[in-house]
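Q: missing the sequence, but the structure's below:
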């Protein structure tokens, strides 16, 4: 699908999406009458001149200044660049700033942080213009992780101008947006939960945020499923590993027939069901009718007598 989109757009979809987001941000600024340069005070007339500007320099000072919307302004790209060369130090505490230093200070890759912050800025502009109503369901978009840009009319294989037309742009919940696209997995996308609650993709309901682990890669800072569900996943995973190890041990047994199966349990049973039903005899030979304990190494016949030990 992405190859078709790239070919139809005449460029990478990621590049086109980035340019479209900048066009939308510029249009929102003009609606708010805030399209004036923070540095020179003149109006920003062309989208190519638009840039996001931090009023106070944040690198090496305070990470919070990077994310603070009150520290954000918009400037001509030239004015922003000139101010950066004059004001932003290339050396902090006698050490030259590198990309690794910048990533370490902000806590993530700078490109990822910039992409997230641009979305935060756009969402703030949308709310100030009272445009934060979902185009599909009509409800308010309460959280930024549920915020998405949507094309009202499909553009792929129809008209490339529909992709760039701002009149064809709307804002929707991410789940509502994806519902209108084929072959999308909606299992991990939940509903807007109340303050202090988060959506569990396995329970399919909102649970208190204390029940979730942290995930810095997500806007919410929380995992998509709760700790109980993760523990269940780990138990099932290690149960499968245990069964695979036992199957590998069967090949090293001294029984001459080597026609082993799991004792009384089908080979396709995994997880907690097998752990609950596990007996002291782990493996059964269908030819000599003996049980083998992988724990003690004893080979026991059907009368309960030890006949050999591996």
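A: That came through, no problem. All figures in this text were calculated on a predicted structure; none of them were measured in a lab.

Q: only C-alpha atoms for contact and neighbour calcs from this point on.
A: Noted.

Q: Mind checking what secondary structure the residue nearest the centre of the chain has?
A: Against the mean C-alpha coordinate of the chain, by Cα atoms, centre = their mean, the closest residue is residue 218 at 5.2 Å. Under DSSP: H, G, I helix; E, B strand; the rest coil, the three-state class of residue 218 is coil.

Q: cool, residue 51 as well?
A: Residue 51 - assigned by three-state DSSP - is strand.

Q: Give the full set of residues in contact with it.
A: Counting by Cα atoms under 8 Å, 6 or more residues apart in numbering, residue 51 touches 74-77, 80.

Q: and residue 96, bridged to which residues?
A: residue 91 (DSSP bridges).

Q: Show me the shaky parts of the stretch 1-150 of the chain.
A: Residue ranges of the stretch 1-150 of the chain with pLDDT under 70: 1-2, 84-95.

Q: how about the strands of it, start to end?
A: Ranges of strands in the stretch 1-150 of the chain, per DSSP state E, counting those that start in this stretch, are 50-54, 72-76, 91-92, 95-96, 147-151.

Q: now the helices for the stretch 1-150 of the chain?
A: 2-9, 13-31, 64-67, 77-87, 99-106, 110-128 (DSSP state H, counting those that start in this stretch).

Q: between the ones you listed, which gets nearest to residue 234?
A: For the helices of the stretch 1-150 of the chain, proximity to residue 234 was assessed by Cα to Cα; helix 110-128 is nearest, at 29.5 Å.

Q: Give me the helices and strands touching the closest one, please.
A: helix 13-31, helix 99-106 (3 or more Cα pairs under 8 Å, 6 or more residues apart in numbering; DSSP states H and E).

Q: angle of the last one against helix 110-128?
A: Helix 99-106 runs at 40 degrees relative to helix 110-128, counting by axes from the mean of the first three to the mean of the last three Cα atoms, to 10 degrees.
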